[in-house]
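Colleague: Here you go, sequence then predicted model.
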Amino acid sequence: MDSVTPRFLTVALYQFVDLPDCATLRAPLQTLCDERGVRGMLLLAPEGINGTIAGAPADVLAVLTWLRSYARFANLQHKEAPTDRQPFYRMRVRLKREIVTLGVPGLNPARNAGTYVKPEDWNALIDDPSVVVVDTRNDYEVGIGTFERAINPHTKSFAEFPAWVAQQSQPGGVLAGNPRVAMFCTGGIRCEKSTAYLKSQGFDEVYHLEGGILKYLETVPEEDSLWHGDCFVFDERVSVGHGLAPGHHQLCRSCRMPLGEAELQSPHYVRGVSCPYCHGTRTPEQERALAERQRQMDLADQRGQAHIGARQPGNRARFSSSDDKNDREDDSA
């Protein structure tokens, strides 16, 4: 943390660990976060924990201390970033089948993930032309920033990744012949599963960026970086850049797509109501409800009050299935 204590601290965390009794942790963890004024999302599943939380630094650290008091979470790692405002509206602790949804039974990233590569060693690895570099994030995330030479699988959800691997393992595909593969994601969690999956498919040399893009942006000086653009994050910061400084994107309140300067200048962008990605997908009634919600948020902001928006009318996100929506929720780390 900085020498000057920030008003709020945002912490991303995850750990793959056998957690068959995860349901017993849900209520006490929710209660602790509520009592300490900590907000965000934490997912519990038989394979571990994943999520992002934010609050006053002392309160966030109290939650981390509570988690680490359990022997299974004693080695829980986290990444933190200071912020001047609370990036979440509410706190939810949810039970899931997986802490990041891939849909492949039997994988155990805690025991069979690929080889970690530290951020300071990442450039040398992905500069090697014999290494296939794969961005395991979803298409809308890759669209605002990625590494040099990285391949975009154009997935809408992480659950589509196995099908992409199968396709690209065929003759002529980028994975044909079992090459060396280096993969990366936002905070590391998807890569632990994706590397475990590739190893289960017979790939021998599989690497992933330790701590994910966020750790790389925090560690590697911008002048030495092979990263281009911003990194999408799953909270009100929307995106971050080198040094984890705030990025250049806003969030569409209708479909929750990240919007850059070009999208914000589009005639289809109406603040809080629509953007080029979702224009024309809402009914007039839904658009009026979205406009009213934005008006109420603006009024609350002028008064210095917290505003917890009602659920968006209709389909709250741009995705067409609950699996995709859940994938977006569980990718925060």
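Modeller: That came in fine, so what should we check first? Numbers count the residues shown, from 1 in each chain.
Colleague: Near the residue nearest to P6 when sequence neighbours are not counted, how many other residues are there?
Modeller: Excluding the flanking residues, the one nearest P6 by Cβ to Cβ, 6 or more residues apart in numbering is P82, at 3.2 Å. No exception for glycine: its C-beta is placed from N, CA and C like everyone else's. Number of residues near P82 (other Cβ atoms under 10 Å) recorded here: 15.
Colleague: P82 belongs to a helix?
Modeller: No. P82 sits outside any helix when classified using DSSP: H, G, I helix; E, B strand; the rest coil, being strand.
Colleague: quick one: pLDDT of it?
Modeller: At P82, the pLDDT value in this model is 85.
Colleague: can you tell me how far G51 sits from C33?
Modeller: Per Cβ to Cβ, to the nearest Å, G51 is found 10 Å from C33.
Colleague: Now list whatever residues contact both of those two.
Modeller: When contacts are counted by Cβ atoms under 8 Å, 6 or more residues apart in numbering, G51 and C33 are jointly contacted by G40, L42.
Colleague: re the thing from before, how much space between the residue nearest to P6 and R190?
Modeller: 25 Å.
Colleague: any idea which helix is longest in this protein?
Modeller: Looking across the chain with DSSP state H, the single longest helix is helix 284-302.
Colleague: and that one, how far out from the chain's middle?
Modeller: Remark: helix 284-302 is offset 27 Å from the chain centroid, using Cα atoms, centre = their mean, to the nearest Å.
Colleague: Now that helix - C-alpha only, CSV.
Modeller: Provided in CSV are the C-alpha atoms of helix 284-302 (Å, rounded to 0.1, in the frame of the first residue of the first chain):
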residue,chain,number,x,y,z
PRO,A,284,-39.2,2.3,-25.0
GLU,A,285,-40.4,1.4,-21.5
GLN,A,286,-37.0,-0.1,-20.6
GLU,A,287,-35.2,3.0,-22.0
ARG,A,288,-37.4,5.3,-19.9
ALA,A,289,-36.7,3.2,-16.8
LEU,A,290,-32.9,3.3,-17.5
ALA,A,291,-33.1,7.1,-18.0
GLU,A,292,-34.9,7.5,-14.7
ARG,A,293,-32.4,5.3,-12.9
GLN,A,294,-29.6,7.5,-14.3
ARG,A,295,-31.4,10.6,-13.1
GLN,A,296,-31.7,9.2,-9.6
MET,A,297,-28.1,8.2,-9.6
ASP,A,298,-27.1,11.8,-10.6
LEU,A,299,-29.3,13.3,-7.9
ALA,A,300,-27.8,11.0,-5.3
ASP,A,301,-24.3,11.9,-6.4
GLN,A,302,-25.1,15.6,-6.2
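Colleague: I appreciate the help and will end here.
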